[in-house]
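K.L.:
Quick one: sequence and predicted model below, then my questions.
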Amino acid sequence: MKGLRWFLPLIILGLGYLGYTAIAATKSAPQQGDAAPPPPIVETRVVQPTQHQVLLRAHGEVTPLETTQLSAQVSGEVVTWHPNFVAGGIVKRGEVLLSIEPDNYQAAVLTAEADLASAKAALIEEQAQAAVAKRQAKSLPPSQVTDLYLRKPQVLSAKARVKSAQAALKRAQRDLDNCQVTAPYDALVVSRDIGTGQYISAGTHVGTLNSVEAAEIHLPIAGFDSLFLPKPLPGTDVHLVRNGSEPIQRQAKLVRDLGIVEQSTRMMRVVVRLDDPYGIQSAQPALPFGSYVEATFKGKTLERVFKLPQSIINNRQVWVVDQAGKLSPRTLRVVRTEGQYIYADQGLTPNDQVVTTPPEFPEPGMTVRLSSEVSTEGDDE
């Protein structure tokens, strides 16, 4: 038993060593047979520089090009007014909107005409007397012939009275003409502030008109978009759309920019001119004042830029597969973003293979396989 006590630890150690050796041999055998994991498969697209026409979008409200506060220029009683001279009515250029009782002004014209005829008769009489005096002066010593003798002051005074009478007639005729208030342009009546039989004084406000010959839309342009505005700006075609259950589309023109940057928004504004907004002179659909529209127009053309979907870009960086099949990061200089695409002018070269489905954890120098190559291998099999 004593000998067994001495040999028992040795036997246990020996058995442990044999077990460890067997386990190590069993573990290493499969490892030697395992193959290295295959490189990840990625999809790529070959990129080429291209030309891109920038498309700018903005929103604005349709407003009248002109608004006029009509006022009476003479006093009197309103005797008639145009049936369309009501809020919401459309009146044509030159149509009589209202008439003021003209009797007093017609009488003033007759009086002025009579005064002018009298002044002209007086002038004729003075000119005749001056002619007689001139003939008589030939038989008199020169020292006795004066301007007063020749009636020159009298003739000048008579001429002045004729001019004064002509001016009075012109004023009377103007007042008579102003008894009829006419539309200065094709207009939408915003308000009418007088009625038949009402007595109004000169300067009384009688109504408000908005021109329907043309409208304007002021479009705010952000700073990053202002770099791509077309040059020259005036004359650029603009497509307008008013969205709704029945969208309305019209064509317009850019005419100018306001020349300032707003302090609160840091935006500039460009002005669009829309002719015949109510479709009075044409069969175009109406875009009433106050309509909110989307405006689209072409900006500058970008030369030699690469078009890429935003979904493959992370922090302005994309992955490229080189000729050895390894990943390489490229940092882009993005010059324009439109919708789901970006346009970069630096960071890529023609024929680069840009990865569109990068691995979960890409690293520079990582070996990858192209999905096109994998598909080809499968077809060969």
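P.N.:
That came through, no problem. Residues are numbered from 1 along each chain as shown.
K.L.:
average pLDDT for the longest helix seen in the chain?
P.N.:
Looking across the chain with DSSP state H, the single longest helix is helix 103-137. Helix 103-137 carries an average pLDDT of 90.
K.L.:
Next: stretch 273-285.
P.N.:
Throughout stretch 273-285, pLDDT has a mean value of 92.
K.L.:
Contacts made by it with the rest, please.
P.N.:
Outside stretch 273-285, the residues that touch it by Cβ atoms under 8 Å, 6 or more residues apart in numbering are 62, 65, 90, 186, 188, 212-217, 240, 248-250, 252-255, 286-289. Bear in mind the C-beta positions are built from the backbone N, C-alpha and C, glycine included.
K.L.:
which ones among those residues are found in strands?
P.N.:
Of the positions in the contacts of stretch 273-285, 62, 90, 188, 214-217, 240, 248-250, 252-255 sit in strands, assigned by DSSP state E.
K.L.:
and the two most separated of these?
P.N.:
Ile90 and Leu254 (27.2 Å; Cβ to Cβ).
K.L.:
about what we covered before: right, and the helix or strand after the longest helix of the chain?
P.N.:
Going down the chain from helix 103-137, the next helix or strand is helix 152-177, by DSSP states H and E.
K.L.:
which strands and helices sit next to the longest helix of the chain?
P.N.:
The helices and strands touching helix 103-137, judged by 3 or more Cβ pairs under 8 Å, 6 or more residues apart in numbering; DSSP states H and E, are helix 152-177.
K.L.:
pLDDT averaged over the helix it packs on - what is it?
P.N.:
Helix 152-177 carries an average pLDDT of 93.
K.L.:
just to revisit the earlier point, tell me the buried residues in the longest helix of the chain?
P.N.:
105, 108-109, 112, 115-116, 119-120, 122-123, 126, 130, 133 (16 or more other Cβ atoms under 10 Å).
K.L.:
what's the angle from that helix to helix 152-177?
P.N.:
160 degrees (axes from the mean of the first three to the mean of the last three Cα atoms, to 10 degrees).
K.L.:
now helix 103-137, how far from the centre of its chain.
P.N.:
Distance of helix 103-137 from the chain centroid (Cα atoms, centre = their mean, to the nearest Å) equals 61 Å.
K.L.:
ok, now stretch 198-209?
P.N.:
35 Å.
K.L.:
Do me a favour and get the end-to-end distance for it?
P.N.:
Start-to-end span of stretch 198-209 (Cα to Cα, to the nearest Å) is 20 Å.
K.L.:
Could you do stretch 283-293 as well?
P.N.:
End-to-end distance of stretch 283-293 (Cα to Cα): 19 Å.
K.L.:
Okay, buried residues for that stretch please.
P.N.:
Buried, per 16+ other Cβ under 10 Å, within stretch 283-293: Gln284, Leu287, Phe289, Ser291, Val293.
K.L.:
Equivalent analysis for stretch 227-237, please.
P.N.:
Buried residues in stretch 227-237, counting neighbours by 16+ other Cβ under 10 Å, are found at Phe228, Leu229, Pro230, Thr236.
K.L.:
His59: what's it in contact with?
P.N.:
Leu219, Pro220, Tyr292, Val293, Glu294, Ala295.
K.L.:
so how far is the helix or strand containing it off the chain centroid?
P.N.:
Using DSSP H and E, His59 sits within strand 50-64. Centre-to-centre, strand 50-64 and its host chain are 7 Å apart (Cα atoms, centre = their mean).
K.L.:
what's the answer for stretch 347-355, then?
P.N.:
For stretch 347-355, the separation from the chain centroid amounts to 37 Å (computed by Cα atoms, centre = their mean).
K.L.:
tell me how far the ends of it are from each other?
P.N.:
14 Å.
K.L.:
can I see the domain layout of the protein?
P.N.:
What automatic domain parsing lists as the domains of the chain is 41-49+313-380, 56-64+213-300, 68-210.
K.L.:
between the ones you listed, which gets nearest to Phe306?
P.N.:
Proximity to Phe306 (Cβ to Cβ) singles out domain 41-49+313-380 among the domains of the chain, at 4.9 Å.
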